[in-house]
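Q: below are the sequence and a predicted model; questions follow.
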Amino acid sequence: MEKDKVMLVDGMALLFRAFYATAMSGYYMINSKGMPTNAVYGFVKHLFTATKKYDPSHVICCWDMGSRTFRTEIFPEYKANRGEPPVELVPQFDLVKEVVEALDIPNVGLAGFEADDCIGTLSKEYSKHSEVIILTGDQDILQLLKENVTVSLLKKGYGNYAEYQMDTFYEEKGITPKQMIDLKALMGDSSDNYPGVKGIGEKTALKLLSTYGSIEGILENLSSLTKGQRTKIESDLDMLHLSRKLAEINCEVGVDCSLEEAAYQINQEMMIKKFKELEFKRLDSLIS
């Protein structure tokens, strides 16, 4: 029997990408109710392009639920470098979820956690029996690669993806998906705004991990490191452990979604009604 193929969609990644693709030229698709719809329109286009390519039997959309999460509790500066979202995007956060609902696709999110954590938890569960494809623009999700899990990273335009499986990831990066967590803990992440170990960049971090395997392995062999490396790690030990907690996707959060609920069967009537309500133009090119 053919395995189910479950597509887990990183909703915010698609929405932000779609917004900025047209916002740069000042094109917000404002309808007669004064509602901007450019991000939602682009989101739907990304979603349909991907479902056409991968032909999933099930689709679930995962969302961030506000900026306060367990990560900001343990490190208040986490993602604090990010500005407020543009005013034209704000009303589209709720709107996109209405559209997903009209497509009969479940919206999943949990206060205190990020979409990544929901995706991690669901992919861990589904990959036991099904094939899982994660659609995102976020490289952090590559740490979830394992048997039965593919990550498809959106690239420029529509329908262009960088696809990763567990084995191809190792060939390209020289580390395992799990080691990505320790890599980020060592070198930090400027886009998520945490420092890792001051003075250790990607090159050194990769070298240490390929030699010692993990942060535990590095700490057990501090005496074998160069004096400079040892000093840097010893003086930033707390931040190293904290950065690892921030980097690791939590795959044990309290979300679930039954496969029955997630079966990908669009109610055409409901969909067209919603698209017309939003005054989406070029409906044929969107739906076909």
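A: On my side now, so go ahead.

Q: can we go C-alpha only for contacts and neighbour counts from here?
A: Fine.

Q: from what I can see V99 touches I272, true?
A: No - using Cα atoms under 8 Å, V99 is not in contact with I272; the gap is 10.4 Å.

Q: more neighbours: these two, which one.
A: Remark: of V99 and I272, V99 carries more neighbours, 20 against 16, as counted by other Cα atoms under 10 Å.

Q: not counting its neighbours along the chain, what's nearest the more buried one?
A: Leaving aside its sequence neighbours, V99 sits nearest to K274 (Cα to Cα, 6 or more residues apart in numbering; 6.9 Å).

Q: for P86, see how far away that neighbour is.
A: 24 Å (Cα to Cα, to the nearest Å).

Q: who has more neighbours, the two?
A: K274 (17 against 11).

Q: in which helix or strand would I find that one?
A: With the criterion set as DSSP states H and E, the secondary-structure element containing K274 is helix 268-277.

Q: what distance separates that helix from the middle of the whole chain?
A: 28 Å (Cα atoms, centre = their mean, to the nearest Å).

Q: elements contacting that helix?
A: For helix 268-277, the elements it packs on are helix 90-102, judged by 3 or more Cα pairs under 8 Å, 6 or more residues apart in numbering; DSSP states H and E.

Q: mind checking how far V44 is from K97?
A: With Cα to Cα as the criterion, V44 and K97 are 11 Å apart.

Q: residues in contact with D104?
A: When contacts are counted by Cα atoms under 8 Å, 6 or more residues apart in numbering, D104 touches Y264, Q265, I266, N267.

Q: and the buried ones among those, selectable in PyMOL?
A: This is the PyMOL syntax for the buried subset of these, where burial follows 16 or more other Cα atoms under 10 Å:
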select buried, resi 264
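
Q: picking that back up, buried stuff in the helix holding K274?
A: Neighbour count says helix 268-277 has M271, I272, K274, F275 buried, by 16+ other Cα under 10 Å.

Q: G120 is in contact with L144, correct?
A: Yes - under the criterion of Cα under 8 Å, L144 makes contact with G120 at 6.5 Å.

Q: quick one: which of the buried residues of helix 268-277 is nearest to E131?
A: Each of these was scored against E131 by Cα to Cα, and M271 proved nearest at 26.7 Å.

Q: show me the contacts for the closest one.
A: Here M271 is in contact with V99, A102, L103 (criterion: Cα under 8 Å, 6+ apart).

Q: what segments of the stretch 101-250 of the chain are strands?
A: 107-108, 131-136, 149-154, 161-164 (DSSP state E, counting those that start in this stretch).

Q: just the ones you listed: most buried one?
A: strand 131-136 (a mean of 25; mean count of other Cα atoms under 10 Å).
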